[in-house]
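Student: Predicted model, plus sequence, below.
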Amino acid sequence: MIQLLAPTHWKDYELIDCGDFEKLERFGNVILIRPEPQAVWKKTLSEQEWKKTANITFRGRSATSGEWVKKNPATPDRWHVEYKNNEVAIKLRLGLTSFKHVGVFPEQAVNWDFISSSIKKFKTPQPKVLNLFAYTGAASLIANAAGAETTHVDSIKQVVTWANENQELSGLKNTRWMVEDALKFVKKELKRGKKYNGIILDPPAYGHGPNGEKWKLEDHIQEMMQDVVQLLDEKEHFLILNTYSLGFSSVIVENLIRTSYPNVKNLETGELYLQATAGIKLPLGVFGKFCNV
């Protein structure tokens, strides 16, 4: 069965409405309007309600740049939010980046809950978790807070520095930070004979390693999956593969996991979405995950 999953208990985040290629959302007390290519339907709330509600609007100039327009110039460029579930709590520093992102993908909270609950089920005293394409580190910090020895890999130095800020803000320590191409790192770990109890992959459609290595999801994901499953501890493990690419379905993700890891048990696949207060659902990627304890 294909699942449809949305975060249910994040008090510091709310999708208010979406439509006409935009979304209106609240992070803490800051309300933003940002572009959203998936929102091909019309808005539920009126244009006036959107303008009245929003503190900051992103206006795109090109495919990779734009500007944030503030209603009140005193609204800060950076602020903090908290995420809590039944097992852990973390704090994240958000910020207005040069292209529409603020430092977190809220739909991923579904996967964070799976990470912390899986780690808590393990009998291994300090399970090892590997987070690939790890961005600003929310999933890494969830794993760390749940008691795992966590390795965080991203090819962009600035986002790894941001992730470290989030670690300090969350009162955590000892995450292993790696600024490296994810596929190269996995191959090195295989050669070293390393094993992990948990592996998280949230690959982009396109990307570059620190030395200009090219990543294209459909060209490289099969090789990555074939390699990464060999790093899983045989007894206790979990894996999450999350993709945000308009051409990828959860059936593709299921096929990738089953062909790379034929002995998979407890596989769940589906789609992540955000539930708008105005009533509409915003789809934001597909996942495949399994846990074996």
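Tutor: Nice, thanks for sending it over. Only a predicted model underlies this, so the values are computations on that prediction, with no experimental measurement involved.
Student: residue ranges with poor pLDDT in the stretch 1-150 of the chain?
Tutor: For the stretch 1-150 of the chain, no stretch has pLDDT under 70.
Student: and residue 20, backbone torsions?
Tutor: For residue 20, the backbone dihedrals are phi 50, psi 40 (criterion: degrees, to the nearest 10).
Student: Counting neighbours, what do you get for residue 207?
Tutor: Using other Cβ atoms under 10 Å, the number of residues around residue 207 comes to 18. In this view, the C-beta of every residue, glycine as well, is placed from N, C-alpha and C.
Student: And residue 268, by the same measure?
Tutor: Per other Cβ under 10 Å, the neighbour tally for residue 268 reads 17.
Student: State the helix or strand in which the spatially closest residue to it that is not a sequence neighbour lies.
Tutor: Excluding its sequence neighbours, the residue lying closest to residue 268 (Cβ to Cβ, 6 or more residues apart in numbering) is residue 289, at 5.4 Å. Assigned by DSSP states H and E, residue 289 belongs to strand 281-292.
Student: so what strands line up beside that strand?
Tutor: Its sheet considered, strand 281-292 pairs with strand 237-243 (antiparallel), strand 268-275 (antiparallel) by DSSP bridges.
Student: Quick one: mean pLDDT over the last one.
Tutor: Which is strand 268-275. Averaged across strand 268-275, the pLDDT comes to 97.
Student: Buried by neighbour count: which residues of that strand qualify?
Tutor: 268, 269, 270, 271, 272, 273, 274 (16 or more other Cβ atoms under 10 Å).
Student: And the residue nearest to the third one when sequence neighbours are not counted, how far from residue 114?
Tutor: Nearest non-adjacent residue to residue 270, counting by Cβ to Cβ, 6+ apart: residue 3, 3.2 Å away. According to Cβ to Cβ, to the nearest Å, residue 3 stands 11 Å off from residue 114.
Student: higher neighbour count, the two?
Tutor: Taking other Cβ under 10 Å, residue 3 and residue 114 do not tie; residue 114 has more neighbours (22 against 13).
Student: Centre of the chain to stretch 18-35, how far?
Tutor: Offset of stretch 18-35 from its chain centre (Cα atoms, centre = their mean, to the nearest Å): 18 Å.
Student: What of stretch 263-276?
Tutor: Relative to the centre of its chain, stretch 263-276 is centred 14 Å away, using Cα atoms, centre = their mean.
Student: try stretch 159-177
Tutor: Mean C-alpha position of stretch 159-177 versus that of the full chain (Cα atoms, centre = their mean) differs by 16 Å.
Student: what's next to it, contact-wise?
Tutor: Here stretch 159-177 makes contact (Cβ atoms under 8 Å, 6 or more residues apart in numbering) with 80, 89-93, 95, 103, 134-138, 140-141, 144-145, 149-152, 154, 178-179.
Student: now for the host helix or strand of residue 51, which elements pack on it?
Tutor: Using DSSP H and E, the element containing residue 51 is helix 47-53. For helix 47-53, the elements it packs on are strand 13-19, strand 22-27, judged by 3 or more Cβ pairs under 8 Å, 6 or more residues apart in numbering; DSSP states H and E.
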